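**Student:** Below are the sequence and a predicted model for it; my questions follow.
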Amino acid sequence: MGALCCCFSEPIDFDGEVNLYHFDLHRAVGKGAFGKVRVVEHKKTKKLYALKYVEKARCIRQKAVANVVQERRLLEEIDHAFVVNMRYAFQDDENCFFVLDLMLGGDLRFHVERKGPLPEKVVKFWLAQLASAISYLHQQRIIHRDLKPDNVLLDSQGNAHITDFNVAIHYSNRRPHTSVAGSMAYMAPEVLARKGYSWQIDWWSLGITIYELLFNKRPFDGRSAERMTSTILKDDLKFPTESVHCSDDGINVLKQLIERDPSRRMGCRSTDALDDFREHPWFGSLEWDKLESKELAAPFVPDMKTANFDVSHELDEFLMVEKPLTHTKRKANADLEKLKPELRQLEEQFTVYDFDSSRRKSYYPHNQSLGQSQTESLQLQPTATIAERSRSGSPDAFDSAPHSFRPPYQS
């Protein structure tokens with residue numbers, strides 16, 4: 001029998017399917033378009049996690065059910081040192097829940113806005129970690145499509161992790177994608193040109209992100225979607241010459257990442273994408289094996305004595321501006337045939353995941369279990385590509401829909 005807890009009227013069976021009663025709810029640390037992020041503690045193991053929860057009703061109103069299911073499935077495939085990994089997934093009658101690695105060091109947008117241009121050695125360290133994560137995702141045939149400072153979170157030791165897979169998709173070598181998704185300022189030219197793109201776009205977005213961290217500005221910008229599209233497609237790449245210094249090797253890496261020809265872009269030229277980075281003199285002294293095992297000390301460590309996030313998220317929760325999250329028992333044996341199509345899709349496709357008892361598996365069309373040989377198909381259906389709607393009046397005209405969460409987690 002599993003360990004039981006008598007904190008509620010009914011004991012908690014930790015050997016049963018994971019649910020919200022398995023966790024104590026702590027402070028709110030993030031907020032999105034239809035949900036929030038809270039710190040939670042597993043009652044049995046006492047481990048801390050980030051709980052990202054999506055309100056079903058708001059999700060349906062915003063036509064984001066496919067995004068939520070897509071994110072849930074892709075996160076099941078992923079397990080990497082520099083990714084915010086999913087540990088549990090479940091739902092109740094009102095919400096879908098993702099339990100993720102906790103990162104309390106803040107996102108890179110938070111730090112660059114408060115500190116301005118960041119030191120070159122710090123940014124180089126994060127770039128190496130993010131390159132490792134992107135290379136891994138591409139090996140899993142996953143394109144993130146929304147790499148930007150907001151979607152990179154630090155742990156308490158200063159290690160960088162990619163988060164927010166809301167618009168991520170599987171890619172195929174046989175058919176390029178044409179849907180526009182992500183945040184416009186970080187989109188590769190081939191996305192905006194709508195002539196077809198694949199995994200190479202993530203390396204461009206990484207280049208824009210690194211440029212912004214180094215110089216506290218983006219290389220291509222504009223007050224309108226039309227102007228921004230034009231600058232990304234046509235303008236020369238320029239670097240500040242007076243206010244911020246970056247070494248010649250660092251500039252060279254940026255030029256190779258922010259390369260309009262995908263075939264010449266850094267990360268796209270070798271069978272092993274990391275070879276482009278390992279062989280570059282900017283990373284000449286980096287011990288990659290120790291980096292990937294997190295044995296190297298980060299050159300920047302967040303101040304854990306202060307909140308590395310917007311404290312208004314917590315005020316919203318406790319002032320009850322919105323309905324606070326509570327433990328709620330599910331209604332028994334819902335009749336799927338009587339549910340609305342969107343609710344039925346969530347019931348059927350947002351399935352329970354428990355990293356202690358579940359094997360990670362792929363939802364890619366080949367349907368093979370990850371890391372193990374398997375002779376039988378899992379018979380799982382790939383999820384659809386989600387095209388994003390334009391938001392008029394915003395430079396980020398194709399900002400990731402429905403919304404990017406920006407919680408500061410820590411592992």
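**Tutor:** Nice, I can see it.

**Student:** Tell me which other helices or strands the biggest helix by length in the chain touches.
**Tutor:** With DSSP state H applied, the helix covering the greatest number of residues in the chain is identified as helix 120-139. Here helix 120-139 touches strand 160-162, helix 201-215, helix 248-257, helix 275-278, helix 288-292, going by 3 or more Cβ pairs under 8 Å, 6 or more residues apart in numbering; DSSP states H and E. All C-beta spots, glycine's among them, are computed from the backbone N, C-alpha and C.

**Student:** hmm, try it at 10 Å
**Tutor:** Taking 3 or more Cβ pairs under 10 Å, 6 or more residues apart in numbering; DSSP states H and E as contact, the helices and strands that helix 120-139 lies on are helix 108-115, strand 142-143, strand 152-154, strand 160-162, helix 201-215, helix 248-257, helix 275-278, helix 288-292.

**Student:** Neighbours of Trp282, how many?
**Tutor:** Using other Cβ atoms under 10 Å, the number of residues around Trp282 comes to 19.

**Student:** typo on my end, Lys338
**Tutor:** 8.

**Student:** Run through the residues that contact it.
**Tutor:** Counting by Cβ atoms under 10 Å, 6 or more residues apart in numbering, Lys338 touches Arg344.

**Student:** All the helices of this protein, in order from the start?
**Tutor:** 56-61, 65-77, 108-115, 120-139, 189-192, 201-215, 225-234, 248-257, 275-278, 288-292, 312-318, 341-349.

**Student:** give me the low-pLDDT residue ranges for this protein?
**Tutor:** Counting by pLDDT under 70, the chain contains low-confidence ranges at 1-10, 32-35, 243, 307-323, 332-335, 365-411.

**Student:** before we move on, the earlier item: buried residues, the longest helix of the chain. List them.
**Tutor:** 120, 122-138 (16 or more other Cβ atoms under 10 Å).

**Student:** and what of stretch 244-254?
**Tutor:** 246, 250, 253-254.

**Student:** One more: stretch 220-239?
**Tutor:** 220, 222, 225, 228-229, 231-232.

**Student:** Max pairwise distance over the residues you listed: which two?
**Tutor:** Phe220 and Ala225 (12.5 Å; Cβ to Cβ).

**Student:** residues shared between the contacts of these two?
**Tutor:** By Cβ under 10 Å, 6+ apart, the residues touching both Phe220 and Ala225 are Met184.

**Student:** Name the nearest residue to Met228, sequence neighbours excluded.
**Tutor:** Gly222 (3.6 Å; Cβ to Cβ, 6 or more residues apart in numbering).

**Student:** show me the contacts for the one you found.
**Tutor:** Per Cβ under 10 Å, 6+ apart, neighbours of Gly222: 184-185, 228-232, 235, 395, 397.

**Student:** repeat for Pro299
**Tutor:** 118-126, 158.

**Student:** Could you rerun that using 8 Å?
**Tutor:** Applying Cβ atoms under 8 Å, 6 or more residues apart in numbering, one finds that Pro299 lies in contact with 119, 121-122, 125, 158.

**Student:** from the residues you listed, which is closest to Phe215?
**Tutor:** Pro119 (12.2 Å).

**Student:** Going by distance to Leu100, which of the contacts of Pro299 wins?
**Tutor:** Closest to Leu100, out of all of those and judged by Cβ to Cβ, is Gly158, at 18.8 Å.

**Student:** Let me know how buried the closest one is, in neighbour terms.
**Tutor:** 17.

**Student:** ok, it touching Pro302?
**Tutor:** Yes - using Cβ atoms under 8 Å, Gly158 makes contact with Pro302 at a distance of 6.3 Å.

**Student:** shared neighbours of these two, anything?
**Tutor:** With Cβ under 8 Å, 6+ apart as the test, Gly158 and Pro302 both reach Gly105.

**Student:** farthest-separated two in the buried residues of stretch 244-254?
**Tutor:** Cys246 and Val253 (9.5 Å).

**Student:** list the contacts for Tyr53?
**Tutor:** Neighbouring residues of Tyr53 by Cβ under 8 Å, 6+ apart: 35-38, 95-98, 325.

**Student:** Neighbour count for these - can I get that in CSV?
**Tutor:** Formatted as CSV, these follow (neighbours: other Cβ atoms under 10 Å):
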residue, neighbour count
Gly35, 25
Lys36, 24
Val37, 25
Arg38, 22
Asn95, 22
Cys96, 22
Phe97, 24
Phe98, 26
Leu325, 20
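
**Student:** and these, which of them are in strands?
**Tutor:** Among the contacts of Tyr53, the residues falling in strands (DSSP state E) are 35-38, 95-98.

**Student:** Which of the residues you listed sits closest to Leu153?
**Tutor:** Val37 (10.7 Å).

**Student:** in the sheet, who's paired with the closest one?
**Tutor:** Here Val37 sits in beta bridges with Gly30, Lys52, going by DSSP bridges.

**Student:** quick one: which two of the ones in strands among the contacts of Tyr53 are the most distant?
**Tutor:** It's Arg38 and Cys96 that sit farthest apart of those, by Cβ to Cβ, at 14.3 Å.

**Student:** Please name the residues that touch Lys124.
**Tutor:** So Lys124 contacts 250, 282-283 (Cβ under 8 Å, 6+ apart).

**Student:** from the residues you listed, which is closest to Pro189?
**Tutor:** The nearest one, if we look at the contacts of Lys124 relative to Pro189 and count by Cβ to Cβ, is Gly250, at 22.3 Å.

**Student:** From Val244, how far out is that closest one?
**Tutor:** 11 Å (Cβ to Cβ, to the nearest Å).

**Student:** Identify the contacts common to these two.
**Tutor:** Leu214.

**Student:** so Trp203 sits right up against Arg264, yeah?
**Tutor:** No - Trp203 is not in contact with Arg264 according to Cβ under 8 Å; the separation is 10.9 Å.

**Student:** Tell me which of those two has more neighbours.
**Tutor:** Shown here are Trp203 and Arg264; by other Cβ under 10 Å, Trp203 has more neighbours (25 against 10).
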